[in-house]
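[1] My questions are about this predicted structure, shown below with the sequence.
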Amino acid sequence: MRITKLAVIWWAVFEDTVRLLNPRRRYRDIMDNFVRPGTGGIRILEATVSTLDRFLNAMRTNHGNATVKLCETVLSGVLGLAARHGALDGTPLRDVATIPTNHKEVRALTVAGVGALRAGLRQWEANKKQAGRYPTVDIVDVVDIMLATGARIGEAPAIRWKDIYLKSFKPTVTVNATIVYMPGQGLTIQDDPKSARSRQRYFLPAFAVEMLLRRQIGQLEANPWDVVFPSAVGSLRDPNNFRKQWRSARDEPGFECVTPHTFRKTVGTCWKLPPAWPSRPPSSGTPAKTSRGSTTSKRPRGLLAENIKTKEPLTYVSAVQELFSGRATRT
């Protein structure tokens, strides 16, 4: 059997077990456009270490490390299926050359930087110098929910009113979905975030509660998706469009190096820093560099209110997040 036919069988198994739409779409694209054209004519027993190593090296030269990593993942699944059914003694991918990983510098804002950024964004909205038929007037609100929860750029606009409970003594928001684009269908809400650990319930700090109450009271009509942060025309908010709006908004106050993911790193980093950090922040316009281990290995437990799957009780602390609103001090 050739890898072309084996890939079709593997895809049927993969599609049945993986629910997330974005990985399915991405892996299908990699399989159809790179793996099958590059290795599809090879028979299973001809998939030697040297053959696969040449293929991956050529992919790395022509398309970069990120694409070749995905190709290796797809090939690992395809050849692993063959190994499990006795067609191969083991997967030859174990012995191919290691693919280097591009490590991005991790950055996080200081508390002073957050305050300066939010003030700059409000001024940008007030100036009304935005291009486009439907100007953005609530970019600060989206930033606030990301600062309050550490939600990703696709998860924040997928938050629905049914996910928010403001009547409790400790108001909460549940992050349990993300917005994805499906060819032929457009934007839709995927009821599974990027990972199982992303499905969390968060206690909300005061500045986020006030923002949500204001939006709830000021909402003139419901949108079909019941999302808290719809687009200007009441549809789902495209994360890619928000990135474009963000790039326009951040330049005026001088935060060109800040991306939406910086807010997630900021929330994670604040739990790792010593108590004296907020009182002696670096310069407000420059994000603070952080070690990769402090922000990317695990989401800090103090940030979470409750794990939905396990119902594991977690510590409620929002003092640092309150600092973002300028309402609290830390001793």
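    That came through fine.
[2] Where does pLDDT dip in the stretch 1-150 of the chain?
    Scanning the stretch 1-150 of the chain for pLDDT under 70 picks out the ranges 106, 128-136.
[3] same check, this time on the stretch 151-300 of the chain
    193-198, 220, 270-300.
[4] can you map out the helices along it?
    Taking DSSP state H, counting those that start in this stretch, the helices of the stretch 151-300 of the chain run over residues 206-218, 239-251, 260-270, 292-296.
[5] Same question for the stretch 1-150 of the chain.
    Along the stretch 1-150 of the chain, counting by DSSP H, counting those that start in this stretch, helices occupy 3-17, 21-30, 36-39, 49-63, 65-84, 111-127, 139-149.
[6] Just give me how far the first one sits from the chain centre.
    Taking the mean C-alpha point of helix 3-17 and that of its whole chain, the gap between them comes to 27 Å (Cα atoms, centre = their mean, to the nearest Å).
[7] Using CSV, write out the CA atom coordinates for that helix.
    Taking C-alpha atoms only, helix 3-17 is exported to CSV below (Å, rounded to 0.1, in the frame of the first residue of the first chain):
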residue,chain,number,x,y,z
ILE,A,3,1.2,6.4,1.7
THR,A,4,-1.5,8.1,-0.4
LYS,A,5,-4.1,5.4,0.4
LEU,A,6,-2.9,5.0,4.0
ALA,A,7,-3.3,8.7,4.6
VAL,A,8,-7.0,8.5,3.6
ILE,A,9,-7.5,5.7,6.2
TRP,A,10,-5.6,7.7,8.8
TRP,A,11,-7.7,10.8,8.1
ALA,A,12,-10.9,8.9,8.7
VAL,A,13,-9.7,7.9,12.1
PHE,A,14,-8.3,11.3,12.9
GLU,A,15,-11.5,13.1,11.9
ASP,A,16,-13.6,10.8,14.1
THR,A,17,-11.5,11.4,17.2
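[8] Need the residues that contact it.
    Helix 3-17 has contacts (Cβ atoms under 8 Å, 6 or more residues apart in numbering) with 24, 27-28, 31, 35-36, 39-44, 47, 74, 77-78, 81-82. Bear in mind the C-beta positions are built from the backbone N, C-alpha and C, glycine included.
[9] of those, buried ones?
    24, 27, 31, 35-36, 39, 42, 44, 47, 74, 77-78, 81-82 (16 or more other Cβ atoms under 10 Å).
[10] With distance to Arg243 added, can I get these in CSV?
    Shown next, in CSV, are the buried ones among the contacts of helix 3-17 (distance: Cβ to Cβ, whole Å):
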residue, distance to Arg243
Arg24, 23
Tyr27, 23
Met31, 27
Val35, 29
Arg36, 31
Thr39, 34
Ile42, 39
Ile44, 42
Ala47, 39
Val74, 27
Gly77, 31
Val78, 33
Leu81, 37
Ala82, 40
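[11] now, among the residues you listed, which is nearest to Pro205?
    Closest to Pro205 out of the buried ones among the contacts of helix 3-17 is Arg24 (35.7 Å), distances taken as Cβ to Cβ.
[12] And the closest one, how far from Met31?
    Look at Arg24 and Met31: by Cβ to Cβ, to the nearest Å, they are 11 Å apart.
[13] ok, now Phe255?
    In terms of Cβ to Cβ, Phe255 sits 39 Å off from Met31.
[14] What are the buried residues along stretch 239-254?
    In stretch 239-254, counting by 16+ other Cβ under 10 Å, buried: 239, 242, 245-246, 248-250, 253.
[15] What is the nearest of those residues to Pro171?
    Nearest member of those to Pro171, counting by Cβ to Cβ, is Phe242, at 24.3 Å.
[16] Which residue is the nearest non-sequential neighbour of that closest one?
    Spatial nearest neighbour of Phe242, chain neighbours left out: Ile153 (6.4 Å); criterion: Cβ to Cβ, 6 or more residues apart in numbering.
[17] what's the neighbour count on that neighbour?
    Around Ile153 there are 21 other residues, counting by other Cβ atoms under 10 Å.
[18] Pretty sure it sits against His261.
    Yes. Assessed by Cβ atoms under 8 Å, Ile153 is found in contact with His261 at 7.0 Å.
[19] Next, show the common contact partners of these two.
    Common contacts of Ile153 and His261 (Cβ under 8 Å, 6+ apart): none found.
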